[in-house]
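# make a model of this:
(2 chains)
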Number of protein chains: 2
Amino acid sequence: MRRVLAARLSTHDGETVHLAGWVHRRRLLKSVAFLILRDATGLAQVVVTDPNTRSALEEFGEESVVSVTGRALANPTAPGGVEVVDPEISLLSEPAEPPPFDLYRPSLTASLPMLLDHAAVALRHPRLRVAHEVAAAAVAGFRAALDAQGFVEVHTPKIVASATESGANVFAIDYFGRSAYLAQSPQFYKQMMVGVFERVYEVGPVFRAEPHDTARHLAQYTSLDAELGFIDDHRDVMAVLRDAVAGMVSSVAARSSVAVPEVPDEIPALHFTDALSMLDAPADEPDLSPDYERRLGEWARREHGSDFLFVTGYPMVKRPFYTHPSPDRPGFSNSFDLLFRGQELVTGGQRLHRYSDYVAALGDADLGQFAGYLDAFRYGMPPHGGFAIGLERFVARLVGAANVREVTLFPRDLNRLTP
Amino acid sequence: MRRVLAARLSTHDGETVHLAGWVHRRRLLKSVAFLILRDATGLAQVVVTDPNTRSALEEFGEESVVSVTGRALANPTAPGGVEVVDPEISLLSEPAEPPPFDLYRPSLTASLPMLLDHAAVALRHPRLRVAHEVAAAAVAGFRAALDAQGFVEVHTPKIVASATESGANVFAIDYFGRSAYLAQSPQFYKQMMVGVFERVYEVGPVFRAEPHDTARHLAQYTSLDAELGFIDDHRDVMAVLRDAVAGMVSSVAARSSVAVPEVPDEIPALHFTDALSMLDAPADEPDLSPDYERRLGEWARREHGSDFLFVTGYPMVKRPFYTHPSPDRPGFSNSFDLLFRGQELVTGGQRLHRYSDYVAALGDADLGQFAGYLDAFRYGMPPHGGFAIGLERFVARLVGAANVREVTLFPRDLNRLTP
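The predicted structure is shown next:
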């Protein structure tokens, strides 16, 4: 008999049905026992009156995996309005050991380290699980938005000979007896691929040997990277980013019950220097502090009714070497950050595209070690730019998680390497 | 003026158009010069008669990036039947240096190491580039097939505390002063996630410190992994794999001009022991040699008209510890390989799901170091199984590449760590 998923049980009223899933909870009352069965789609209530079935159920602890065959019967008090009566219940595995915390409670009360230590079972809780459904939906929306605009997906090396952005915070690898590093970003590769496909994206892991133990930093996270050629300047990149974020948000709305923000057709934008003067900040500040970002977020909400705000033109001094300078504001760049509710969500900008600019920006040693990257520019590259979205941070903001570890499958950090 | 892509030029006959791209080739004849412009979509012919424009063009070597504005005019001998006349041509960057090989020739004649050393420019050649369009299409088809069957995409750690499958061929990392390794597969994590989502897939990099320098092995490749719960046995996994491969193949057919094989509704399957006896091989062979696989491929083609063949029930001794044994053939397993044209393309099978089976299969040391993984089984897991497809091998077979490096963006191997 074909398996009926919990969420579809209500369409089988009156039929004999076969369900399978985890023993989410048992309630053993005097004259009747209830089995709440959990599967990937939700919960189903199974009513046990037969004494033999009841004694079997007493043996199957919470989280045991069982198969249930019985009759679907309407009952307005059951989840979905239909329950299963007169069941036969059999184990599909061994009886489970009692889990380290009660998964059937509305919230898990265990500490975050305890939950992360037992992630294989903690993630079964709907509150923890939803973040990963949101992540999957967001990534699908990102891809769909960029596919529709002619982007090609690529998969680039995660083992590299030299650090991408700077020498700091890289993980060293023993690569057949030579030194190598885990890639901090696919930056160089996505730029090189603009020379091939004009528009590319990659969804993949990036690695930062982040020595700070904070609520925002991970040693591995999933980066949603895009890069596109034949732009006029960074504003063309911002337009694509707006569409990517809108695609992510609408996919999350379609595939989950999480409340999502509205993405304006045109996200308000503010030049870095205008942001500083609006904040009454010193004009020589090189970057925006978290507090500045928070106040800018409030301003965008108040003045533009927007949860999103672009800040453009950051000082060159705070941006990586491949950043394109502003052609008309010396010292400033064609770069941007996208703030979401007053926190930086995405960084991007226009990149240098002339070989001679790279030669001027890099020292002799870097010119040698980056030769394969610089080939792209030496042999002709269009004006281009791109951005990178940290998936876990995006999801954390959407679901309101205080710590990015709550929305990361098996996080890696300074202190955590398992499970 | 909005940019017209080369492939769309034929729809603009008679209009003033703006194109942009790379100088693919110049032909400087006595009375006229031709510029063949290349963009992401193809080639366009630009006809230059004005002497000033001609002298400018003489300065722009092949691969220089230019902008062209002119009049589209029907000419049956031009690519797409329309060329651009009376052009203004301007540089979008600096004139490019002469590339290390001629990208405008029908085939690149440089050696593979030379092409790989200059991948940023070699990949611009249509023959090399097509493999990556096929890869992107295949991955999109994989995801679409599994999304349609209720799978959830996950992103799992690539830095792990212990080797996944065995202690061999792992890359060691310095992880904040501790020992760690690059993940050889997401095997443990996708199994753990069956306990959460029932059906999951991941597209991501895997790492093998492969000490052999062969045409098939890479230190990093892209693995398409799937795992599903509540199966009867490995045949349920094979049915999903069939649909995933069919999805990949039909997506490649829809998005590229590469000839694709037909995927039968039901792929023929042969038990390992039946394969051996058909091959007149000794009954105690523990595995299939490449020559056996080749002959089985010919048999499938001849007897079933199929490029694909499942071989099932491999001996337990050749399969990893988490492999589920056959319930009725001692010593054999509920596993399979999918052969494509006589070569192994995919490996998969049913996994152990009872905690006690893992305890029996693993030594005490492994029970300790795999505690986080074993949590999944300790606290209830359904019968499940899955498979992994190596993307680069799949693409190499489809496009007929002899060496997997020809279809890998920036390959990593024993000798190669750049670009």
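
# so who does A:A300 touch?
Shown in contact with A:A300 (C-beta atoms under 8 Å, 6 or more residues apart in numbering or on different chains): A:P268, A:S306, A:D307, A:F308, A:L309, A:L339. The C-beta positions use only the backbone N, C-alpha and C, and glycine is treated the same way.

# let me know the helix or strand that the last one is in.
I take that to be A:L339. Assigned by DSSP states H and E, A:L339 falls within strand A:335-340.

# so for that strand, mean pLDDT?
Across strand A:335-340, the average pLDDT comes to 98.

# quick one: A:A269 and A:G313 touch, right?
No. Judged on C-beta atoms under 8 Å, A:A269 makes no contact with A:G313 at a distance of 9.6 Å.

# mutual contacts of those two, please.
Shared contacts of A:A269 and A:G313, defined by C-beta under 8 Å, 6+ apart, are found at A:F336.

# more neighbours: these two, which one.
Counted by other C-beta atoms under 10 Å in any protein chain shown, A:A269 and A:G313 do not tie: A:G313 has more neighbours, with 23 against 19.

# residue contacts, the more buried one?
By C-beta under 8 Å, 6+ apart, A:G313 lies in contact with A:H271, A:F272, A:T273, A:S326, A:R329, A:F332, A:S333, A:N334, A:S335, A:F336.

# list buried residues within the contacts of A:A300.
Among the contacts of A:A300, those classed as buried by 16 or more other C-beta atoms under 10 Å in any protein chain shown are A:S306, A:D307, A:F308, A:L309, A:L339.

# taking these one by one, which sit in strands?
The strands, defined by DSSP state E, take in A:F308, A:L309, A:L339 from the buried ones among the contacts of A:A300.

# how about the residues of the stretch 151-300 of chain A by chain B?
Within reach of chain B by C-beta under 8 Å from any C-beta of the partner chain, the stretch 151-300 of chain A has these residues: A:152-161, A:171-176, A:178, A:180, A:182, A:189, A:192-193, A:195-199, A:203-205, A:207, A:209, A:211, A:219-220, A:222, A:230.

# look at stretch A:349-360 and report the distance between its end residues.
Stretch A:349-360 has an end-to-end distance of 19 Å (C-alpha to C-alpha, to the nearest Å).

# for it, give the mean pLDDT please.
Stretch A:349-360 shows a mean pLDDT of 97.

# tell me if it is near chain B.
Yes. Judged by C-beta under 8 Å from any C-beta, stretch A:349-360 comes into contact with chain B at A:H353, A:R354, A:Y355, A:S356.

# wait, the third one touches A:A371, no?
No. Between A:Y355 and A:A371 there is no contact under C-beta under 8 Å: 11.6 Å.

# mind checking which of the two has more residues around it?
Using other C-beta under 10 Å as the criterion, A:Y355 and A:A371 rank with A:Y355 on top: 21 against 15.

# contact partners of the lowest-mean-pLDDT helix or strand in chain A?
Ranked by mean pLDDT, DSSP states H and E, the helix or strand of chain A with the weakest confidence is helix A:364-369, at a mean of 85. Here helix A:364-369 makes contact (C-beta under 8 Å, 6+ apart) with A:A161, A:S162, A:Y358, A:V359, A:L374.

# right, and the pair among those with maximum separation?
Spanning the widest gap among the contacts of helix A:364-369 are A:A161 and A:V359, at 19.8 Å by C-beta to C-beta.

# the two: who's more crowded?
A:A161 (18 against 15).

# what's near enough to touch that one?
Going by C-beta under 8 Å, 6+ apart, A:A161 touches A:A180, A:Y181, A:Q369, B:L417, B:T418.

# can you check A:F321 too?
Counted by C-beta under 8 Å, 6+ apart, A:F321 has contacts A:A361, A:L362.

# and it, that one's in a helix?
No. Under DSSP: H, G, I helix; E, B strand; the rest coil, A:F321 sits outside any helix and is assigned coil.

# domain map for chain A?
With domains defined by automatic domain parsing, chain A comprises A:6-91, A:120-407.

# can you give me the first-to-last residue distance of the last one?
Looking back up the chat, that one is domain A:120-407. Across domain A:120-407, the terminal residues are separated by 14 Å (C-alpha to C-alpha).

# what's the answer for the first one, then?
Between the opening and closing residues of domain A:6-91 we find a distance of 18 Å, counting by C-alpha to C-alpha.

# got it, and stretch A:394-413?
End-to-end span of stretch A:394-413 (C-alpha to C-alpha): 18 Å.

# same thing with stretch A:304-322?
32 Å.

# next one: stretch A:251-266
Counting by C-alpha to C-alpha, you get 19 Å between the two ends of stretch A:251-266.

# now A:F176: how far from B:A300?
Separation of A:F176 from B:A300 (C-beta to C-beta, to the nearest Å): 38 Å.

# hang on, I meant A:Y181
A:Y181 is 44 Å from B:A300, by C-beta to C-beta.

# likewise A:A209?
Distance of A:A209 to B:A300, computed by C-beta to C-beta: 49 Å.

# equivalent analysis for A:A360, please.
Plainly put, A:A360 is 60 Å away from B:A300 if you go by C-beta to C-beta.

# next one: A:A163
As judged by C-beta to C-beta, A:A163 and B:A300 stand 49 Å apart.

# which stretches in the stretch 301-419 of chain A count as helices?
Counting by DSSP state H, counting those that start in this stretch, the segments of the stretch 301-419 of chain A that form helices are A:355-361, A:364-369, A:371-378, A:391-399.

# ugh, wrong one, chain A
A:51-59, A:112-117, A:119-122, A:126-147, A:187-197, A:234-255, A:272-278, A:290-304, A:355-361, A:364-369, A:371-378, A:391-399 (DSSP state H).

# show me the contacts for the closest residue to A:P87 other than its chain neighbours.
Leaving aside its chain neighbours, A:P87 sits nearest to A:G70 (3.5 Å; criterion: C-beta to C-beta, 6 or more residues apart in numbering or on different chains). Taking C-beta under 8 Å, 6+ apart, we find A:G70 in contact with A:T16, A:V17, A:V46, A:V84, A:V85, A:D86, A:P87, A:E88.

# and of those, the nearest to chain B?
Of all those, A:V17 has the smallest distance to chain B: 14.5 Å, by C-beta to the nearest C-beta.

# pretty sure that closest one contacts A:V4?
Yes. Counting by C-beta under 8 Å, A:V17 touches A:V4, with 4.6 Å between them.

# anything in contact with each of those two?
With C-beta under 8 Å, 6+ apart as the test, A:V17 and A:V4 both reach A:A72.

# distance of A:V47 relative to A:Y104?
Separation of A:V47 from A:Y104 (C-beta to C-beta): 17 Å.

# between these two, tell me which one has more neighbours.
A:V47 (18 against 15).

# and that one, what does it touch?
Applying C-beta under 8 Å, 6+ apart, we find A:V47 in contact with A:V32, A:A33, A:F34, A:E83, A:V84, A:V85, A:P87.

# how about 7 Å then?
A:V32, A:F34, A:E83, A:V84, A:V85 (C-beta atoms under 7 Å, 6 or more residues apart in numbering or on different chains).

# so which two of those are the farthest from each other?
Every pair of the contacts of A:V47 checked by C-beta to C-beta; the farthest is A:V32 and A:V84, at 13.1 Å.

# among the two, which residue is more densely surrounded?
The neighbour comparison of A:V32 against A:V84 (other C-beta under 10 Å) goes to A:V84, with 28 against 11.
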